[in-house]
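# Predicted model and sequence follow; I will ask about them next.
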Amino acid sequence: MTAFDTAWDLVKMPFHGTDIESAEQIMMEGLMPQEDAMLVVDGETKLGDFSFASDDMWEAETYAKDRGHDSWDHINEGAIIHISPDFKPFLKIGSHSIYNKPIPPEFLKLIYSTIRGDLK
């Protein structure tokens, strides 16, 4: 794989923002759908087991930063996980991918931490 191929993959993949502690667990066990997550499709609210990702890395970073602040006195580092386009979403709504199955670790890559700010 060339440097261009790697860069192109980074641009087109969906991103999942979370805190670093959860990211470490996700990288070992896979990204599991959140139980009883709420999804709104065409104005209809659905409850189910879903995980979410965005094509916009900066949107995922914002979510990661929010997840990284779990209380006023504790700041946990946020993280962004890249999801391979080889793992297809259950549903795509605009720039958002919704998954209803666990995403195995081989389809995931931890690429960013909100405190260190480094791409991996």
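Sure, I can see it. Numbers count the residues shown, from 1 in each chain.
# After the longest strand along the chain, heading C-terminal, what element do we hit next?
Determined from DSSP state E, the single longest strand within the chain is strand 44-54. Following strand 44-54 in sequence order, the next helix or strand is helix 57-68 (DSSP states H and E).
# and the angle for that next one with strand 44-54?
100 degrees (axes from the mean of the first three to the mean of the last three CA atoms, to 10 degrees).
# elements contacting helix 57-68?
Here helix 57-68 touches strand 15-19, strand 44-54, strand 78-83, strand 108-113, going by 3 or more CB pairs under 8 Å, 6 or more residues apart in numbering; DSSP states H and E. From N, CA and C alone the C-beta is placed, and that goes for glycine too.
# May I see those arranged in TSV, with mean pLDDT and distance to residue 102 as well?
Rendered in TSV, the data for the helices and strands packed on helix 57-68 read as follows (pLDDT from 0 to 100; distance: least, CB to CB, whole Å):
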stretch	mean pLDDT	distance to residue 102
strand 15-19	89	13
strand 44-54	90	8
strand 78-83	89	12
strand 108-113	84	11
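# beta partners of the most centrally placed residue in the chain?
By CA atoms, centre = their mean, the chain has its centre lying nearest to residue 16, at 0.9 Å. With DSSP bridges applied, residue 16 shows beta-bridge pairing to residue 81.
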